[in-house]
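> please find the sequence and the predicted model below.
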Amino acid sequence: MSLDACDVHVNPKQMELRPHGTVDFPCGGYDTDIRQGKDEGVSWHWHEEAEMIYVAKGSVEVVLPDVRWRLEQGEGVFIHANVLHSILATEEEGKIRSAVFHTKLVSGGADTVFQKKYIDPLLAYDGIKGVKLTLEIPWQAEALKELVGTIVALEGKQEGYEWEVRERLSRLWFRLYQNTRPKDEESSRKTMDAERLRHMLELIQKEFAEPLHLSQIARAANIGERECLRCFQRTIGISPLQYLLRYRVSQAALLLRETTLPVAEIGMRCGFDSPSHFAQTFRKYFSITPSAYRKGRI
């Protein structure tokens, strides 16, 4: 059997709308190609489930509000529940395999010792949003082994696979607990940046079709323009206006794929002041014109 691709659809607050697994087995497995020119990877989103990712081929870049990691084949990452993240292409084509799971699958319920002692402390800890996993560190290598086994079980769906998935994720979570438990000396800077970024990205996603200025984006987080620029640079490595352009182009690509609206109208709906500006910007990110992109999707 095959795994689904990780196609992300979000609400205005960037919360992913796609359910992962089912109510009685809240875990989904995914197999996704990440390459340049393909919708800029996996766009910014968050979900109430935790996520484990490993790179099956090539390389990718995983970006969280307070850190960005380049992952090579064999490496992976753990992303906490409710954490904003995206996955970008590098110069090398990549393939990721991932498991997205609700922690109640591991704990068995909110009132269990597993939830109270081992899961809640990590979920409540703002000092670490995610953990890069490499083969060089023994406990991380073991975690990656459990992740690969989880994905294989989700893909094969042999009788009893649910037990195996839960067992592997439980061992994986315990290793995370042992090695990333909260430390009192952690700074609050990363937590503050993440909260500010969430407010600013919400504004951009809601108002991207309108003229947006740096001052408006900064006001969404109650900070000045300079601090807004520094916050974006510290967290996702680009300026607010660069992110705005990327988001406009990604939304235009979606309309080109899923509607028959004229290209010029799509440009206007996505905040571009002229067809030439739209075409020029779209070509910068996708290396082809909007019309050619649409024809290639037919």
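Cool, got the structure. Numbers count the residues shown, from 1 in each chain.
> make it CA atoms for all contacts and neighbour counts henceforth
Noted.
> contacts only, for Leu229.
Ser239, Pro240 (C-alpha atoms under 8 Å, 6 or more residues apart in numbering).
> from now on call the first residue 411
Sure thing, new numbering starts at 411, so read that last one as Leu639.
> that one sits in which helix or strand?
Per DSSP states H and E, Leu639 falls inside helix 635-645.
> please apply the same query to Gln615.
helix 599-617.
> how about that helix: buried residues?
Buried residues in helix 599-617, counted by 16 or more other C-alpha atoms under 10 Å: 600-601, 603-604, 606-615.
> average model confidence for the helix or strand following it?
Tracing the chain past helix 599-617, the next element assigned as helix or strand by DSSP H and E is helix 624-629. The pLDDT scores in helix 624-629 average 94.
> one more: stretch 660-676?
The model assigns stretch 660-676 a mean pLDDT of 91.
> show me where this structure has its strands.
437-444, 452-455, 460-467, 469-474, 477-482, 486-489, 495-499, 504-511, 540-543 (DSSP state E).
> packing partners for the fifth one?
Here strand 477-482 touches strand 460-467, strand 469-474, helix 635-645, going by 3 or more C-alpha pairs under 8 Å, 6 or more residues apart in numbering; DSSP states H and E.
> distance of the nearest residue to Glu471 once chain neighbours are set aside relative to Arg644?
Nearest residue to Glu471, sequence neighbours excluded (C-alpha to C-alpha, 6 or more residues apart in numbering): Arg480, at 4.3 Å. Distance of Arg480 to Arg644, given as C-alpha to C-alpha, to the nearest Å: 16 Å.
> quickly note the distance from the nearest residue to Val472 once chain neighbours are set aside to Lys527.
Among residues not flanking Val472 along the chain, Ile497 sits closest, at 4.6 Å (C-alpha to C-alpha, 6+ apart). Distance of Ile497 to Lys527, computed by C-alpha to C-alpha: 31 Å.
> the two - which one has more neighbours?
Set Ile497 next to Lys527 and count neighbours by other C-alpha atoms under 10 Å: Ile497 wins out with 21 against 12.
> pretty sure the more buried one contacts Val470?
Yes - counting by C-alpha atoms under 8 Å, Ile497 touches Val470, with 6.9 Å between them.
> shared neighbours of those two, anything?
Ile444.
> looking at this structure, which helix or strand is least sure?
helix 530-533 (a mean of 78; mean pLDDT, DSSP states H and E).
> using PDB, write out every CA atom in that helix.
Provided in PDB are the C-alpha atoms of helix 530-533 (Å, rounded to 0.1, in the frame of the first residue of the first chain):
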ATOM      1  CA  ASP A 530       2.200  17.200  29.400                       C
ATOM      2  CA  PRO A 531       5.700  18.500  30.500                       C
ATOM      3  CA  LEU A 532       7.000  18.400  26.900                       C
ATOM      4  CA  LEU A 533       3.800  19.900  25.400                       C
END
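> wait, Leu532 sits on Arg585?
No - using C-alpha under 8 Å, Leu532 is not in contact with Arg585, being 11.7 Å away.
> pick out whichever of the two has more residues nearby.
Taking other C-alpha under 10 Å, Leu532 and Arg585 do not tie; Leu532 has more neighbours (20 against 16).
> for Gln661, see how far away that one is.
34 Å.
> what of Phe584?
In terms of C-alpha to C-alpha, Phe584 sits 39 Å off from Gln661.
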